[in-house]
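Engineer: can't give you the sequence, but here's the structure:
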């Protein structure tokens, strides 16, 4: 029998073995195995918590080993497993006849506080043939969404002997109380597209973007509706399927972002970081190797408002996850990774002053100013953006008299298109049009003879790169799915070209 814990650095994390040696000597506790300050401070927390819970703390020299020694141990989640192993080693509780994973932070009065990363810990434990878990009561329903393993919740250290007895006797824990939140959704009150008056091209581009999971750039003067449309995008996105929901929930759990009353995230995340965010905050890392915004947006949307205001190196750091669907973090000889398959939506003014293309307003920016402004985004990142849509302010009279389609109606069309994609790509490693790899574009984006000739002429006229050509075909495929068509038709292709032709050259400067 062994007591195990979990280090949550990286998506997979590491199973940590807890060992305690009790020997004669000056009373004290030595912790080895690359512990951080929080783990070293556990010596005093555990000592007081054990005494105040009615147990005896050994008056001997204790050596606590946390293996593997090369993995840094961080945080207070090791308090409870160390306390359990100390009490077993001092014969105050019997040693269970099976491997057990234990997580929890101790208060001085013996109460157990919730910790982050529990869902990942349970998933990793099951992969390593650990089927019994002792977790803080507040984390039980989060861990139960896997429907695997035997999970015992603990509120206070004094409950430990009873739990060990239950493990010995094979008594299963009772989840009847509060089981209704075991699979509770992260449902939020989303804004509705019925609030967005006019802007038919903008609304259409958001629908295509949602249906095919395409990356999108909106540019136009301030107040034209870029941010307003982007904030309503979650309202038309399809819900996560079971596998996607589990991945997203694991990431949010490891980051400590999972709400207290939510055990499973079922809606696609929408992240909107401020332009002052650090690189570690965006792509992940830091002292604890936590997931960043690109991973918190996994299977959802990462929205960058006023994109040129973000640091250039930060923006270029997104090229890897956009290309590979994950982010790799190297630290001191170790390499960690997190999933980061997100949909990037960017919004920007057309120029530094924001007046380019705005009627009755004069743009004071020189051509060089405009080029420097857009250079912050960089051609390499911009080439990975499938759709680039110019946005102009809506006519003020339409704001009072116009009517707009609701998000519910748009979502129904998006969901129908997503179903077609899932059926088409069944058995593939991808399920959305924007994720079709280069080698499969020809197979899934078929053109008739007339459209193929038009495609060749358009590519030559606009000098599109190979990636841009594939983007046009993928967008065309999504438009066809929204119409329920098996093959890409001429009109679908021409509409797709409109969404891709801006940004590679100075076309839009003359048209804005």
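Structural biologist: Nice, I can see it. These numbers were taken from a predicted model, which means no experiment stands behind them.
Engineer: how far out from the middle of the chain is stretch 70-83?
Structural biologist: 25 Å (C-alpha atoms, centre = their mean, to the nearest Å).
Engineer: how near is the nearest residue to residue 467 once chain neighbours are set aside to residue 291?
Structural biologist: Excluding its sequence neighbours, the residue lying closest to residue 467 (C-beta to C-beta, 6 or more residues apart in numbering) is residue 383, at 5.5 Å. For every residue, glycine as well, the C-beta is placed using N, CA and C. The gap separating residue 383 from residue 291 is 26 Å, by C-beta to C-beta, to the nearest Å.
Engineer: the more surrounded of these two?
Structural biologist: Shown here are residue 383 and residue 291; by other C-beta atoms under 10 Å, residue 291 has more neighbours (30 against 17).
Engineer: tell me if I'm right that the more buried one and residue 255 touch.
Structural biologist: Yes - the pair residue 291 / residue 255 is scored as a contact, 4.9 Å apart, by C-beta atoms under 8 Å.
Engineer: just after the strand or helix carrying residue 244, pick out the following helix or strand.
Structural biologist: Residue 244 is located in helix 242-255, with elements delineated by DSSP states H and E. As assigned by DSSP H and E, the chain's next helix or strand after helix 242-255 is strand 270-271.
Engineer: residue 409: neighbouring residues, count only.
Structural biologist: By other C-beta under 10 Å, the residues close to residue 409 number 12.
Engineer: quick one: it is in a strand?
Structural biologist: No - applying DSSP: H, G, I helix; E, B strand; the rest coil, one finds residue 409 to be helix, outside a strand.
Engineer: contacting residues around it?
Structural biologist: By C-beta atoms under 8 Å, 6 or more residues apart in numbering, the contact list for residue 409 is empty.
Engineer: next one: it from residue 235, what distance?
Structural biologist: 11 Å.
Engineer: go on, residue 191?
Structural biologist: Applying C-beta to C-beta, the value for residue 191 to residue 235 is 6 Å.
Engineer: could you do residue 205 as well?
Structural biologist: 15 Å.
Engineer: quick one: contacts for residue 428?
Structural biologist: residue 440.
Engineer: how much space between it and residue 443?
Structural biologist: In this view, residue 428 and residue 443 are 10 Å apart by C-beta to C-beta.
Engineer: any low-confidence regions in the stretch 1-150 of the chain?
Structural biologist: Residue ranges of the stretch 1-150 of the chain with pLDDT under 70: 1.
Engineer: where do the strands of the stretch 101-250 of the chain begin and end?
Structural biologist: 105-106, 112-113, 132-136, 150-154, 216-219 (DSSP state E, counting those that start in this stretch).
Engineer: tell me the strands beside the fourth one, with direction?
Structural biologist: With DSSP bridges as the test, strand 150-154 is paired with strand 132-136 (parallel).
Engineer: contact partners of the strand it pairs with?
Structural biologist: With C-beta under 8 Å, 6+ apart as the test, strand 132-136 has contacts from 80, 84, 96, 98-105, 112-115, 118, 121-122, 125, 143, 149-155, 160, 163, 167.
Engineer: and whichever strand in the chain runs longest, which residues are buried?
Structural biologist: Secondary structure assigned by DSSP state E gives strand 14-23 as the longest strand of the chain. Neighbour counts over strand 14-23 (16 or more other C-beta atoms under 10 Å) mark 14, 15, 16, 17, 18, 19, 20 as buried.
Engineer: wait, isn't the last one in contact with residue 82?
Structural biologist: Which is residue 20. Yes - contact criterion C-beta under 8 Å: residue 20 and residue 82 qualify, at 7.4 Å.
Engineer: overlap in contacts, these two.
Structural biologist: Counting by C-beta under 8 Å, 6+ apart, the contacts common to residue 20 and residue 82 are residue 64.
Engineer: lowest average confidence, helix or strand, in this protein?
Structural biologist: helix 507-511 (a mean of 48; mean pLDDT, DSSP states H and E).
Engineer: for the residue nearest to residue 48 when sequence neighbours are not counted, what are its contacts?
Structural biologist: With C-beta to C-beta, 6+ apart as the criterion, residue 48 has its nearest non-adjacent residue at 4.8 Å, and that residue is residue 108. Applying C-beta under 8 Å, 6+ apart, we find residue 108 in contact with 45, 48, 49, 52.
Engineer: would you say the first one is within a strand?
Structural biologist: No - counting by three-state DSSP, one finds residue 45 to be helix, located in no strand.
Engineer: care to break this structure down by domain?
Structural biologist: 3-181, 193-425 (automatic domain parsing).
Engineer: how about the residue nearest to the spatial centre of the chain, what does it touch?
Structural biologist: For the chain, the residue nearest the mean C-alpha position is residue 296 (2.6 Å; C-alpha atoms, centre = their mean). Applying C-beta under 8 Å, 6+ apart to residue 296 gives the contacts 251, 252, 255, 257, 269, 271.
Engineer: residue contacts, the closest residue to the second one other than its chain neighbours?
Structural biologist: Nearest residue to residue 252, sequence neighbours excluded (C-beta to C-beta, 6+ apart): residue 258, at 4.6 Å. Counting by C-beta under 8 Å, 6+ apart, residue 258 touches 116, 119, 142, 249, 252, 265.
Engineer: with residue 482 instead?
Structural biologist: If you count contacts by C-beta under 8 Å, 6+ apart, then residue 482 has 207, 208, 211, 413, 414, 416, 417 around it.
Engineer: ok so it is a helix residue?
Structural biologist: Yes - Residue 482: assigned to a helix according to three-state DSSP.
Engineer: which residue is the nearest non-sequential neighbour of it?
Structural biologist: Spatial nearest neighbour of residue 482, excluding adjacent residues (C-beta to C-beta, 6+ apart): residue 417 at 4.9 Å.
Engineer: how close does that neighbour sit to residue 239?
Structural biologist: As judged by C-beta to C-beta, residue 417 and residue 239 stand 15 Å apart.
Engineer: can you check residue 460 too?
Structural biologist: According to C-beta to C-beta, residue 460 stands 42 Å off from residue 239.
Engineer: out of the two, which sits in the more crowded spot?
Structural biologist: residue 239 (13 against 9).
Engineer: what's the pLDDT at that one?
Structural biologist: The model reports residue 239 with a pLDDT of 91.
Engineer: that one contacts residue 269, correct?
Structural biologist: No - counting by C-beta under 8 Å, residue 239 does not reach residue 269; the two are 11.9 Å apart.
Engineer: contacting residues around the nearest residue in space to residue 450 that is not next to it in sequence?
Structural biologist: Spatial nearest neighbour of residue 450, excluding adjacent residues (C-beta to C-beta, 6+ apart): residue 490 at 6.2 Å. For residue 490, the contact set (C-beta under 8 Å, 6+ apart) comprises 448, 450, 451, 454.
Engineer: repeat that for residue 384.
Structural biologist: Residue 384 neighbours (C-beta under 8 Å, 6+ apart): 215, 319, 322, 323, 344, 467.
Engineer: buried among these? Make that a ChimeraX selection.
Structural biologist: This is the ChimeraX syntax for the buried subset of these, where burial follows 16+ other C-beta under 10 Å:
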select :215,322,344
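Engineer: quick one: the contacts of residue 384 as TSV, columns for pLDDT, distance to residue 423 and secondary structure too.
Structural biologist: Output for these, formatted as TSV (pLDDT from 0 to 100; distance: C-beta to C-beta, whole Å; DSSP: H, G, I helix; E, B strand; the rest coil):
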residue	pLDDT	distance to residue 423	secondary structure
215	96	24	coil
319	89	31	helix
322	91	26	helix
323	89	26	helix
344	96	26	strand
467	89	27	helix
